[in-house]
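Asker: Provide a 3D model corresponding to the input given below.
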Amino acid sequence: MENIKENAKLSVMNHSCAHLLAQAVKHLYPDAKFWVGPVIEDGFYYDIDLNGKTLTLEDLEPIEKEMKKLVKDGKRIYREELSREEALAKFKDDPYKIDLINNMGDDTIISCYTQGDFTDLCRGPHVESLKELKNFKLLKVSGAYWKNDANNHMLQRIYGICFDTPEALEAHLKELEEARERDHRKIGKDLGIFTTNDLVGKGLPMYLPNGYIIWEELENYIKGKEKKLGYKHVLTPPLGNVELYKTSGHWDHYQENMFPKMEVEGEEFVLRPMNCPHHMMIYANDIHSYRDLPIRIGEIARDCRFEASGALKGIERVRTFCQNDSHIFVTPEQIESEFAQVVNLILDVYKEMNITNYRFELSLRDPEDKVKYYPDDEMWDKAENKLRAVLKDIGIHYVEKVGEAAFYGPKLDVQVKPAVGNEYTLSTCQLDFCLPMKFNLTYIDADGTKKTPVVLHRAIFGSIDRFMAYYLEETKGALPLWLSPVQVNIVPVNNEYHLEYAKQIKEKLDDLDFRVNIDSREEKLGYRLRESVIKKNPILVILGQKEVDSETISFRKYGSEDTTTMPIPEFITYITDLRAKKK
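Answerer: Numbering: from 1, shown residues only. Have a look, this model is predicted:
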């Protein structure tokens, strides 16, 4: 989607269209008061006080109709500069504009724009005439607190978009429709994967049986990869003593993202935002020699972070999630080889999962920031250069992001471009010289002295929640066979004659750990076949008299109308191979 905010021409058109929207609303709702109507990345919005009225999507149609009428009239738009006194007098009946004026600096040039019978406070610029705003569409409406403060009253926020040609508008609307079809929240509801409920709490998703099947498969997949590489998995509690996070430094550097502490029997606890402090204590549980290193501790770990309610999104951005986390304890000499192994694991997983649209970012400290980052120039220079050397050796193109490192060390982030929405981080690997020192972690070196290990923090999926959201959108919910909650859906043509054969086939597949469903509802065959397609079952088996007599199986793959018939053993070999390919 085109970034409207960064396109100068479209930005002016969309800002002008926000005023057109406000004028139309004022015609239909004479008592309306207006807060702000900025241009955003994908269009514009206007926050409006409608004296307690809540708008619905149906209310947008008459507003659009009035906007089109105003465009047809084609009034010119005029700019006027005002003194503060003149501005306060002109907008005396609108408390929102009065608030804006009173918060302007003494040197601010106050201006307004007038089109016909409507004048709005604005610094502009705008198009010359309403005739230039023919190609617009109102998209949605939602509630929005005044000044984004939950303590204030609720306004109505109307979103829209404007283009310079009808073709550009049509293309954008098609993109939006595609995005809606790919939205993991819609897919999650349609396929029974997860649900949310405000009684449970905002940002606290619950995984339904189908969703938990996907979850388990992802967990088993990544754990299997890790075990082959020598990871040892642990289980730690989802909260900890506040002193644990004071020791790690998170209490000072990360507290704004944590839930409030709670006191129990004189101790203060907090829901953990990350797992590294717990894993530091697991390492400290034993004495280690340099011969033991690297030690790779892995966990699918439950974390909790405070996210503003406006930022929550399905299972992509939540308040509780499970990280595919690991902490690798190494000697300084092992940094390059272990970091390279992590990068190669990321590349291997992405290749198997057919993830192609991604890029690498190396997040570095800002040397001028003496507050955010651990104060050790030599440590930082050494750490950053080691990561650069590995990436160069593997041949990975990356960009450097100064000031984006964690407070304890540089990190490598893998940014993915999802099918819906903006780019975000999926995988990450962080180098840390700091935390082991804070926890006084040591190993006995070859010369008998105690040394401090270095830690690599890494997550391949990031969180299973976010990865699932990403993958659902990438596949439109048409998951590969190995991940699909129902792998084989069997539809007997006639239950009286073919159901028993269907049960025999299911029993054979059950023994091979396939997830199989028999749709024996007393519904028409066509209806059951369509239902299987809607549910996006990877393999649809259709069993009639021909299959019963010849002991064969006829099936269709999702997305294909072609029917293939083969003997049972050949079919079993086929789907077994398909399951193993992970695609």
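Asker: Restricting to C-alpha, output the helix or strand C429 falls within in CSV.
Answerer: Assigning secondary structure by DSSP states H and E places C429 in strand 424-432. Only the C-alpha atoms of strand 424-432 are listed here, as CSV (Å, rounded to 0.1, in the frame of the first residue of the first chain):
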residue,chain,number,x,y,z
TYR,A,424,7.9,-6.0,12.3
THR,A,425,10.5,-8.1,14.0
LEU,A,426,10.2,-11.9,14.0
SER,A,427,13.5,-13.4,14.9
THR,A,428,16.2,-11.8,17.0
CYS,A,429,19.7,-12.6,18.5
GLN,A,430,21.3,-10.3,21.1
LEU,A,431,24.8,-10.4,22.4
ASP,A,432,25.2,-9.6,26.1
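Asker: what packs against it?
Answerer: Taking 3 or more C-beta pairs under 8 Å, 6 or more residues apart in numbering; DSSP states H and E as contact, the helices and strands that strand 424-432 lies on are helix 335-352, helix 377-394, strand 411-416, strand 454-463, helix 464-475. (Glycine included, C-beta is placed from N, CA and C.)
Asker: ok now it, how far from the chain's centre?
Answerer: 15 Å (C-alpha atoms, centre = their mean, to the nearest Å).
Asker: Output stretch 333-343 as PDB, restricted to C-alpha atoms.
Answerer: Coordinates of each C-alpha in stretch 333-343 appear next as PDB, following Å, rounded to 0.1, in the frame of the first residue of the first chain:
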ATOM      1  CA  GLU A 333      36.200 -17.300  21.700                       C
ATOM      2  CA  GLN A 334      32.900 -19.100  20.900                       C
ATOM      3  CA  ILE A 335      30.900 -15.900  20.100                       C
ATOM      4  CA  GLU A 336      31.300 -16.000  16.400                       C
ATOM      5  CA  SER A 337      30.600 -19.700  15.900                       C
ATOM      6  CA  GLU A 338      27.500 -19.700  18.100                       C
ATOM      7  CA  PHE A 339      26.200 -16.500  16.600                       C
ATOM      8  CA  ALA A 340      26.700 -18.000  13.200                       C
ATOM      9  CA  GLN A 341      24.800 -21.100  14.200                       C
ATOM     10  CA  VAL A 342      21.900 -19.000  15.300                       C
ATOM     11  CA  VAL A 343      21.800 -17.100  12.100                       C
END
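Asker: Okay, buried residues for that stretch please.
Answerer: Buried residues in stretch 333-343, counted by 16 or more other C-beta atoms under 10 Å: 334-335, 338-339, 341-343.
Asker: Can you add pLDDT and distance to F514 and give the residues you listed back as TSV?
Answerer: Conversion of the buried residues of stretch 333-343 to TSV gives the following (pLDDT from 0 to 100; distance: C-beta to C-beta, whole Å):
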residue	pLDDT	distance to F514
Q334	94	42
I335	92	43
E338	95	37
F339	92	39
Q341	95	33
V342	95	33
V343	94	34
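Asker: Out of those, which is nearest to R123?
Answerer: Proximity of those to R123 (C-beta to C-beta) peaks at V343, which lies at 47.6 Å.
Asker: re earlier: looking at the helices and strands packed on strand 424-432, which is nearest to V200?
Answerer: helix 464-475 (15.1 Å).
Asker: Show me how far that closest one is from its chain's centre.
Answerer: 8 Å.
Asker: packing partners for it?
Answerer: Judged by 3+ C-beta pairs under 8 Å, 6+ apart, the packing partners of helix 464-475 are helix 184-190, helix 209-228, strand 320-330, strand 424-432.
Asker: Out of the ones you listed, which is closest to N7?
Answerer: strand 424-432 (22.8 Å).
Asker: partner strands of the closest one, parallel or antiparallel?
Answerer: strand 411-416 (antiparallel), strand 454-463 (antiparallel) (DSSP bridges).
Asker: want to try CSV for the helices and strands packed on strand 424-432, with distance to A8 as columns?
Answerer: CSV is the format used below for these (distance: least, C-beta to C-beta, whole Å):
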stretch, distance to A8
helix 335-352, 37
helix 377-394, 36
strand 411-416, 26
strand 454-463, 35
helix 464-475, 31
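Asker: Pick out the shakiest of these, pLDDT-wise.
Answerer: Ranked by mean pLDDT, these bottom out at helix 377-394, which scores a mean of 86.
Asker: Tell me the helix or strand right after that one.
Answerer: Counting by DSSP H and E, the next helix or strand C-terminal to helix 377-394 is strand 398-402.
Asker: Just the CA trace of that next one, in PDB.
Answerer: What follows is strand 398-402, C-alpha atoms only, in PDB (Å, rounded to 0.1, in the frame of the first residue of the first chain):
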ATOM      1  CA  TYR A 398      22.100  -6.000   6.600                       C
ATOM      2  CA  VAL A 399      21.500  -2.400   7.600                       C
ATOM      3  CA  GLU A 400      22.900  -0.800  10.800                       C
ATOM      4  CA  LYS A 401      20.400   0.900  13.200                       C
ATOM      5  CA  VAL A 402      22.300   3.100  15.600                       C
END
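Asker: between it and strand 411-416, how big is the angle?
Answerer: 120 degrees (axes from the mean of the first three to the mean of the last three C-alpha atoms, to 10 degrees).
Asker: who are the neighbours of strand 398-402, in terms of helices and strands?
Answerer: By 3+ C-beta pairs under 8 Å, 6+ apart, strand 398-402 packs against strand 358-364.
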